[in-house]
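Student: My questions are about this predicted structure, shown below with the sequence.
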Amino acid sequence: MTTRATTRGLSTAELLVASTVSLIGFAALYSVLFAQQKALAAQGAYAQVQTATRSVLDLMGREMRMASYDPTLTALAPTPGPACPGFRRGIVDAAPTRLHFQQDLNGDGLVTGPNEDLTYELVGTDLRRTDGTGAPVVLASGLPTGGFVLRYFTGGNPPVELLPSGAPAALSAAQRDCVARVRLTLQATLANPDTNNPNALRSLVSSEVAIRSRAPGSL
């Protein structure tokens, strides 16, 4: 006589337990993937704001390096001294959040050509660039307090910082005659794409620009 083996199926309770465990596993996996997705979105947004601030700073640096450039020695008046004689007076206005400078890029003895009479300034929360009498162009907006700062130095070794004074604070004409280096700091903020994180994304970049006509041999 042969005995027949019997097989026992899963009970309803066991099926419910297995389903619950699976759902918990899927929920945990979804939470991990969702958190990773938000982290990647935040990283992408931070990379974008950092790229934007560096691009603005690079543009400013390239143009400021040529401030006071006067190959014919006829476009800009010479500095009279006694402070820093021998330079050309291409820095028209210099303040913590504003710099107006001129340069004769095409060598025609004038500073009326494109990119030859430039102003960078912070107006409200906007960083603006103005070329001659043209309309201002906003390079960055929504800057926080202290988001754009300019500092000025002589070309000595070691360089001496030139401190603006007055109200509103600005360098005097004699101080502007001695500016050979400009330190730029730009900070931008962007809302965090992670709605659970209230902290804004911040990008802080800084660069020091040597004015070529006043600091020979410098980058």
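Tutor: Alright, I've got the coordinates.

Student: ok, and the helix or strand in the chain with the lowest average confidence?
Tutor: When each helix and strand of the chain is scored by mean pLDDT, DSSP states H and E, helix 12-64 comes last, with a mean of 66.

Student: residue ranges for the helices of the chain, please.
Tutor: Applying DSSP state H to the chain gives helices spanning 12-64, 173-178.

Student: and the last one, C-alpha only, in CSV?
Tutor: Right, helix 173-178. Taking C-alpha atoms only, helix 173-178 is exported to CSV below (Å, rounded to 0.1, in the frame of the first residue of the first chain):
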residue,chain,number,x,y,z
ALA,A,173,40.8,110.2,-7.1
ALA,A,174,44.2,109.7,-5.6
GLN,A,175,43.3,106.3,-4.4
ARG,A,176,41.9,105.3,-7.8
ASP,A,177,45.2,106.3,-9.4
CYS,A,178,46.9,103.6,-7.3
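
Student: Tell me which residues are up against that helix.
Tutor: 79-80, 83-84, 87, 89, 91-94, 152, 154-155, 162, 164 (Cβ atoms under 8 Å, 6 or more residues apart in numbering). The way it works is simple: take the backbone N, C-alpha and C, and place the C-beta from them, glycine included.

Student: I'd assumed L186 was in contact with L127.
Tutor: Yes. Taking Cβ atoms under 8 Å as the definition, L127 is a contact partner of L186 at 7.4 Å.

Student: overlap in contacts of the two?
Tutor: Common contact partners of L127 and L186 (Cβ under 8 Å, 6+ apart): V56, A140, L143, G147, F148.

Student: Now do the same for the residue nearest to the first one when sequence neighbours are not counted: its pLDDT.
Tutor: Computed as Cβ to Cβ, 6 or more residues apart in numbering, the closest residue to V56 that is not its neighbour in sequence is L139, at 4.9 Å. Looking at L139, its pLDDT is 89.

Student: Report the beta-bridge partners for R181.
Tutor: Per DSSP bridges, the residues bridged to R181 are F153, A210.

Student: quick revisit: tell me the buried residues within the contacts of helix 173-178.
Tutor: Those of these that meet the buried threshold are T79, C84, F87, R89, I91, V92, A94, Y152, T154, G155, L162, P164, by 16 or more other Cβ atoms under 10 Å.

Student: Nearest to R181 among these?
Tutor: G155 (6.6 Å; Cβ to Cβ).

Student: which residue packs closest to the closest one, ignoring adjacent ones?
Tutor: Using Cβ to Cβ, 6+ apart, the closest residue to G155 is A180 (3.0 Å).

Student: Quick check: pLDDT value at that neighbour.
Tutor: So, for A180, pLDDT stands at 94.

Student: what do you get for R8?
Tutor: 59.

Student: residues near L99, how many?
Tutor: By the measure other Cβ atoms under 10 Å, the count of residues near L99 is 25.
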